[in-house]
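Visitor: Coordinates for the following, if possible.
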Amino acid sequence: MYDFPQDLRDTQLALHQTRAAYEQYARTLPWSAEPMAGWEGDKQLHSGYRSAKPDSPGYTEEQHREVARFRAELLRLSTVVATHPFWATLERGETVAGRMALQHSHETPATVEAG
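Guide: Here you go, the predicted model:
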């Protein structure tokens, strides 16, 4: 088990939350950042499925700014986590396992009910 400093844990949690918020926001955006004509693909062999996309109006200026804001914040948080002094305290070869453990450090273990 790792004894992660609270600021590192907080930053990792903020990274998770920001990534989730960005992914949720991205699902509301048009499929193309720039205006682009829709298309319909050929019928698939042995299937009636035909892939298609409607016309995309592209992102508005506000949507471009919001995407850029999310990406900048994700980069900042990722950099803080990756360059935290804690990583220098680990034994050689432990960094990857430590980083994997940090990604789940905000999860609480499931409580087991006594029978």
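Visitor: what's the closest non-adjacent residue to residue 95?
Guide: Counting by C-beta to C-beta, 6 or more residues apart in numbering, residue 87 is the residue found nearest to residue 95 once chain neighbours are left out, at 5.6 Å. Using the backbone N, CA and C atoms, a C-beta is placed for each residue, glycine as well.
Visitor: Same question for residue 58.
Guide: Residue 58 sits nearest to residue 35 (C-beta to C-beta, 6+ apart), 3.9 Å away.
Visitor: quick one, what contacts that neighbour?
Guide: Counting by C-beta atoms under 8 Å, 6 or more residues apart in numbering, residue 35 touches 55-58.
Visitor: Mind giving me the PyMOL command for buried ones among the residues you listed?
Guide: Filtering these down to the buried ones (16 or more other C-beta atoms under 10 Å) takes a single PyMOL command:
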select buried, resi 56
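Visitor: would you turn the contacts of residue 35 into TSV with distance to residue 91 and secondary structure?
Guide: Supplementary listing: the contacts of residue 35 in TSV, determined by distance: C-beta to C-beta, whole Å; DSSP: H, G, I helix; E, B strand; the rest coil:
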residue	distance to residue 91	secondary structure
55	56	coil
56	50	strand
57	53	coil
58	50	coil
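Visitor: quick check, nearest of the contacts of residue 35 to residue 83?
Guide: Each of the contacts of residue 35 was checked against residue 83 using C-beta to C-beta; the closest is residue 58, at 35.6 Å.
Visitor: and the residue nearest to residue 95, how many neighbours does it have?
Guide: By the measure other C-beta atoms under 10 Å, the count of residues near residue 87 is 15.
Visitor: Please apply the same query to residue 81.
Guide: 19.
Visitor: what's the helix or strand for it?
Guide: helix 61-82 (DSSP states H and E).
Visitor: could you say what helices and strands that helix packs with?
Guide: In terms of contacts (3 or more C-beta pairs under 8 Å, 6 or more residues apart in numbering; DSSP states H and E), helix 61-82 is packed against helix 6-26.
Visitor: List the neighbouring strands of the helix or strand following the helix it packs on plus their orientation.
Guide: Using DSSP H and E, the helix or strand that follows helix 6-26 towards the C-terminus is strand 39-40. Here strand 39-40 has these sheet partners by DSSP bridges: strand 52-53 (antiparallel).
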